[in-house]
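Visitor: below: sequence and its predicted model.
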Amino acid sequence: ASVAPEVGSGTSTFGGSRTIPTYSSGGTYYLYDTTRGPSYIRTMTGNNGTSLPGSYITDTDNNFTDTAARAGVDAHYGAVTVYDYYQNTHGRNSYNGAGANITSTVHHRVNYNNAFWNGQQMVYGDGDGSQFQALVDLDIVAHELTHAVTGATAGLIYQNESGALNEAVSDIMAVMVDRDDWRLGELSYTPGVSGDALRNLANPPEGNQPDNYADRYTGSQDNGGVHINSGIPNKAAYLMAAGGTFRGVTVASIGRAKTEKIWYRALTQYFTSSTNLAGARQGTLSATADLYGSGGAEYAAVQNAWAAVGIG
Ligand SMILES: Cc1cc(C(=O)NCC(F)(F)F)no1
Ligand SMILES: [Ca+2]
Ligand SMILES: [Ca+2]
Ligand SMILES: [Zn+2]
């Protein structure tokens, strides 16, 4: 057939290659997936301008090796991987639960050190080559698509404590997708420096974030510290999953699988637009009680994790 879903490959920004769903039409291949719930999951290029969604990323032999295509290969791989995470782990069909199409655009602006969900799609910068290289790390993609999930569910207002919780939910789901570590953005961040990351949920101070409520930021920068105070719930989630003794409180590990279920249920059943960090504790406790009861090891671990970071 001259139009068909295909399985393609491509070179990653970070080395190695990725297998990706593509679409062929008239001998041209596109970063365009028609095989999942949505009508399409597509990845476009902004051609280093500001218009969105930009233009299709194409290839002539279904092996996307061009330098200009590599960020697209990673963003596309990430989008389908995060789609599959929400479908397979949480039974959620796309960010709205009803198969919404997913569009991503790479090469946004010039030397742009950020990535974002604009309410309709994901957008990725290339970085300036020093602070970041292309911000298309799997955990960054998961962070951004989770903002879409949050927007379609709790709608946590993006300022002060509800905004810090919004950011934390994105970081927590991100490290559950990129499951082999607790760092965010390590592949994209400072390509010239190894071992660092944008944020570290196991040790938020490594990313200049507080890891307890008494040290929270109360100023007006960063929308009231949404990327700063997220360290507090991030640390709590890490302690739930990995366990540990922190600030004199011992938390028994319940593992990543139970932790991601608790946070997903809290986000979709208990958090609202104005939920603050005390409300996050309550929502995760209610979700834990629903899933595992209120007298078991899971409930105790969630209580202790929040107590360890100075909440409740
Ligand atoms: C300060 C600050 C941090 C962020 C941030 O986290 N962006 C998302 C990322 F995934 F692209 F990094 N934005 O401003
Ligand atoms: Ca990571
Ligand atoms: Ca680095
Ligand atoms: Zn974010």
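Guide: Thanks, I have it. Numbering: from 1, shown residues only. Ligands and ions are numbered 1, 2, ... in the order given.
Visitor: now the strands for the stretch 1-150 of the chain?
Guide: 3-11, 17-25, 28-30, 32-33, 41-45, 55-56, 58-59, 63-64, 102-106, 115-117, 122-124 (DSSP state E, counting those that start in this stretch).
Visitor: residues in contact with the second one?
Guide: It stands for strand 17-25. Residues from elsewhere that reach strand 17-25 (CB atoms under 8 Å, 6 or more residues apart in numbering): 2-12, 29-36, 41, 59, 62, 64, 73-74, 76-77, 80. For glycine as for every other residue, the C-beta is placed from the backbone atoms N, C-alpha and C.
Visitor: and if you look at the fifth one?
Guide: Contacts of strand 41-45 with the rest of the structure, by CB under 8 Å, 6+ apart, involve 21, 30-33, 53-57, 68, 72, 75-76, 79-80, 83, 101-107.
Visitor: go with 7 Å
Guide: Identification of contacts with strand 41-45 by CB atoms under 7 Å, 6 or more residues apart in numbering yields 31-33, 53-57, 72, 75-76, 79-80, 83, 102-107.
Visitor: contact residues of the chain facing ligand 3?
Guide: Contact residues (CB under 5 Å from the ion) of the chain with ligand 3: 189-190, 193, 196.
Visitor: returning to that earlier point: buried ones among the contacts of strand 41-45?
Guide: Buried residues within the contacts of strand 41-45, counting neighbours by 16 or more other CB atoms under 10 Å: 31-33, 53-54, 56-57, 72, 75-76, 79-80, 83, 102-107.
Visitor: hang on, the earlier thing: which ones among the residues of the chain next to ligand 3 are found in helices?
Guide: Among the residues of the chain next to ligand 3, none falls in helices (DSSP state H).
Visitor: neighbour-wise, which of these leads?
Guide: Highest neighbour count within the residues of the chain next to ligand 3, by other CB atoms under 10 Å: Y189, with 22 neighbours.
Visitor: and the stretch 51-200 of the chain, which residues reach ligand 2?
Guide: Proximity of the stretch 51-200 of the chain to ligand 2 (CB under 5 Å from the ion) is limited to residues 139, 178, 181, 183.
Visitor: and the closest residue to the second one other than its chain neighbours, how many neighbours?
Guide: The shortest distance from D178 to any residue other than its chain neighbours is 3.8 Å, reached at D139 (CB to CB, 6 or more residues apart in numbering). In terms of burial, D139 registers 29 neighbours under the definition other CB under 10 Å.
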